[in-house]
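Novice: I would like the atomic coordinates for the input below:
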Amino acid sequence: MGVKWRKQGHVYAPGGERWWARSHAVLPTAEVVDNCIRVYFASLDEHRYGRIGYVELDATDPRRILYEAAEPILDIGPPGAFDDSGVNPSCLLRVGRRRYLYYTGWQRCERVPYMLFTGLATGDADGTVFTKYSPTPVLDRTPADSFSRAAPFVLAERGVFRMWYWSCESWSHEEGGIHYTGVIRYAESADGIHWTAADRPCLGPDRPDDYSVGRPCVIVDGGVYRMWYSIRSTSQAGYRIGYAESADRVTWTRKDREAGIHPAESGWDAEMICYPYVVDAGGRRYMFYNGNRRGATGFGYAVLDA
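Specialist: Below you'll find the predicted structure:
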């Protein structure tokens, strides 16, 4: 593909005055609404519980913020629920006149830091009010995915819902602490609610120092499926963004050298770049992404060079 993303700078981080948004704007999840781009994200309160809010940006100049939600549009679950410690947006899909917001529910744990599973919230035509479909995940534990199933991206094609999601394969104690091994898996559904996953991962770490790939975002150009995702490795302190291509949605070829975007030399996204979300608006292709400390500095965007 040989593309290059031109960074346009930092867009948003919460000011810290709202009760639910003391810090962070993590997992930017964008959709085009009329002549603006609405970007959902998760912010943390003083106890580091995450809730989902949004900002609306000028589609012709996404650096220009038109509106900022005063209250979250999705709250954490009750004590003991799979999302009692946080909810993060992951994908927004329009199904008829409804919006399907797939989100990651967090639950803090004792022997590992957390468990992550996928929930679904449905929204009205306006997209500012969402209701959780169920108090339980739509992607829960299975024998093949026994630790976490989260950060999904969903496309609807010819009556079939197609999902790519992050799966934690294991936790291990390494020098410096405990960390996970993660892959991207593929699943299908007839209704967007009940899912059947493929037998094996469709994308995983393939270099000695990589230990996880996750938060996929998929765009279809003709017969080519293009995926941007986050990479974790032992050789680098933070995330970087990878890129892969597929013709059949299941078998992917990593082409990370063609991702076309890298950390900056200084500033809010110099330590790492992660959690990309790609959207087309006004004849341009934009990538929204997080920078340092996994969204602590908020999100910015880049535009694809023609």
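Novice: Name the helix or strand of this protein that has the lowest mean pLDDT.
Specialist: helix 292-295 (a mean of 91; mean pLDDT, DSSP states H and E).
Novice: Which strands or helices does it pack on?
Specialist: strand 23-33, strand 274-281 (3 or more CB pairs under 8 Å, 6 or more residues apart in numbering; DSSP states H and E). C-beta coordinates here come from the backbone N, C-alpha and C atoms, glycine included.
Novice: Give me the contacts around that helix.
Specialist: Taking contacts as CB atoms under 8 Å, 6 or more residues apart in numbering, the residues outside helix 292-295 that touch it are 24-27, 41-42, 238-239, 268-272, 274-275.
Novice: Pick out the lowest-pLDDT one from the residues you listed.
Specialist: Among the contacts of helix 292-295, G238 carries the lowest pLDDT, at 81.
Novice: what sits against the spatially closest residue to that residue that is not a sequence neighbour?
Specialist: If the residues on either side of it in the chain are set aside, G238 comes closest to M272, at 2.6 Å by CB to CB, 6 or more residues apart in numbering. Neighbouring residues of M272 by CB under 8 Å, 6+ apart: Q236, A237, G238, Y239, R240, P263, G291, N292, R293, R294.
Novice: Restricted to buried residues, select these in ChimeraX.
Specialist: A single ChimeraX command selects the buried members of the contacts of M272 (16 or more other CB atoms under 10 Å):
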select :238,239,240,263,291,292,294
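Novice: Which of the contacts of M272 sits closest to R108?
Specialist: Checking the contacts of M272 against R108 with CB to CB, the nearest one is R294 at 16.3 Å.
Novice: Which helix or strand contains the residue nearest to G238?
Specialist: Using DSSP states H and E, M272 sits in no helix or strand.
Novice: ditto for A70
Specialist: A70 belongs to no helix or strand, assigned by DSSP H and E.
Novice: if we can go back for a sec, considering the contacts of helix 292-295, which possesses the most neighbours?
Specialist: F41 (31 neighbours; other CB atoms under 10 Å).
Novice: Which pair of the contacts of helix 292-295 spans the longest distance?
Specialist: Across the contacts of helix 292-295 (CB to CB), the longest gap, 22.4 Å, separates A42 and A270.
Novice: Just send the helices and strands packed on helix 292-295 back as CSV, with distance to S170 too.
Specialist: Output for the helices and strands packed on helix 292-295, formatted as CSV (distance: least, CB to CB, whole Å):
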stretch, distance to S170
strand 23-33, 23
strand 274-281, 21
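Novice: and A69, which of those strands is closest to it?
Specialist: strand 23-33 (11.5 Å).
Novice: surely C168 meets Y114?
Specialist: No: shown here, C168 and Y114 do not form a contact pair, counting by CB atoms under 8 Å, at 9.7 Å.
Novice: More neighbours: those two, which one.
Specialist: Using other CB under 10 Å as the criterion, C168 and Y114 rank with C168 on top: 21 against 14.
Novice: secondary structure element for that one?
Specialist: Using DSSP H and E, the element containing C168 is strand 160-174.
Novice: for that strand, packing partners?
Specialist: strand 114-123, strand 148-157, strand 177-189, strand 210-221.
Novice: let's see it at 6 Å
Specialist: In terms of contacts (3 or more CB pairs under 6 Å, 6 or more residues apart in numbering; DSSP states H and E), strand 160-174 is packed against strand 148-157, strand 177-189, strand 210-221.
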